[in-house]
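>>> heads up, no residue letters with this:
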């Protein structure tokens, strides 16, 4: 019998959460034995409630939705929590204050990877709510990594593609091409990597079709969860 920790996923949109969950399950064997991965519990509130709160700039409501999921997962016996959604990390500091469980911060994981790979100036892609925030700038600046954000027009169009297409599993060639052009512009402006700061972007952008090295926030978070699960297992022994 194997016991390799219990991961709690506070989900928001389905596609990003599914990719994170799938990565934990499929890559668990790389860290543990073949076919072995941590126990995983997922809870998500109705996505429309998150969207309504975001559109109304009601970040208190976003925090309450996250806390509600966290409490359910705590009751399920998870060891720690992750949230495969970059945008709602804007309120994670206030959520953590009311949480009895530790969290892994997605931007901290990405910043660690950027530093490990020696990147010095990275572009940030995501929803307008994410790109306008300090979620990534704070974590990157703490490691002396400069960041670049898309123009206002690019932020609006990237956000539209994410919220109207990607979160529903709609992947159009035009949307892929648009993200590629934004990445190309970042490369020409001196970026040496790009953060895929929406957990759905890795579904259309990869190292194979990006002109910059990518920092895949979704899979990096999943791998950090695997490492934490292994640590939780050792601590229980």
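Yes, it's here. Since the structure is predicted, the reported quantities are computational estimates derived from the model, not experimental observations.
>>> just the element for residue 95, please.
helix 92-97 (DSSP states H and E).
>>> mind giving me the domain split of this protein?
Split into domains by automatic domain parsing, the chain comes to 6-105+219-236, 106-216.
>>> turn those domains into CSV, including mean pLDDT.
Formatted as CSV, the domains of the chain follow (pLDDT from 0 to 100):
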stretch, mean pLDDT
domain 6-105+219-236, 92
domain 106-216, 98
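>>> ok, and for stretch 215-234, which residues are buried?
215-226, 228-230, 232-233 (16 or more other C-beta atoms under 10 Å). Every residue, glycine included, has its C-beta placed from N, CA and C.
>>> mind checking which of the residues you listed land in strands?
In strands, defined here by DSSP state E, the members of the buried residues of stretch 215-234 are 215-216.
>>> all strands of the protein, in order?
Under DSSP E, the chain gives strands at 6-11, 39-44, 80-82, 121-125, 146-148, 193-196, 214-216.
>>> which of these sits most buried?
Highest mean neighbour count among these (mean count of other C-beta atoms under 10 Å): strand 193-196, with a mean of 27.
>>> got a list of contacts for it?
110, 114, 117, 119, 121-126, 136, 147, 183, 186, 202, 205, 210, 212-218 (C-beta atoms under 8 Å, 6 or more residues apart in numbering).
>>> name every strand pairing with that strand and say which way it goes.
Paired with strand 193-196 in the same sheet, following DSSP bridges, are strand 121-125 (parallel), strand 214-216 (parallel).
>>> for those strands, which one sits closest to residue 55?
For the strands paired with strand 193-196, distance to residue 55 was read as C-beta to C-beta. The smallest value, 20.4 Å, belongs to strand 121-125.
>>> check the offset of that closest one from the chain's centre.
Distance, stretch centre to chain centre, for strand 121-125: 14 Å (C-alpha atoms, centre = their mean, to the nearest Å).
>>> off-centre distance for stretch 205-224?
Worked out by C-alpha atoms, centre = their mean, stretch 205-224 lies 11 Å from the chain centre.
>>> quick revisit: same list, the strands paired with strand 193-196, but as a markdown table with distance to residue 143 please.
Output for the strands paired with strand 193-196, formatted as a markdown table (distance: least, C-beta to C-beta, whole Å):
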| stretch | distance to residue 143 |
| --- | --- |
| strand 121-125 | 11 |
| strand 214-216 | 13 |
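>>> do you know which of those lies nearest residue 42?
Minimum separation from residue 42 across these (C-beta to C-beta) falls at strand 214-216, 19.7 Å.
>>> which stretch among the strands paired with strand 193-196 comes nearest residue 154?
Closest among the strands paired with strand 193-196, using C-beta to C-beta: strand 121-125, at 8.9 Å.
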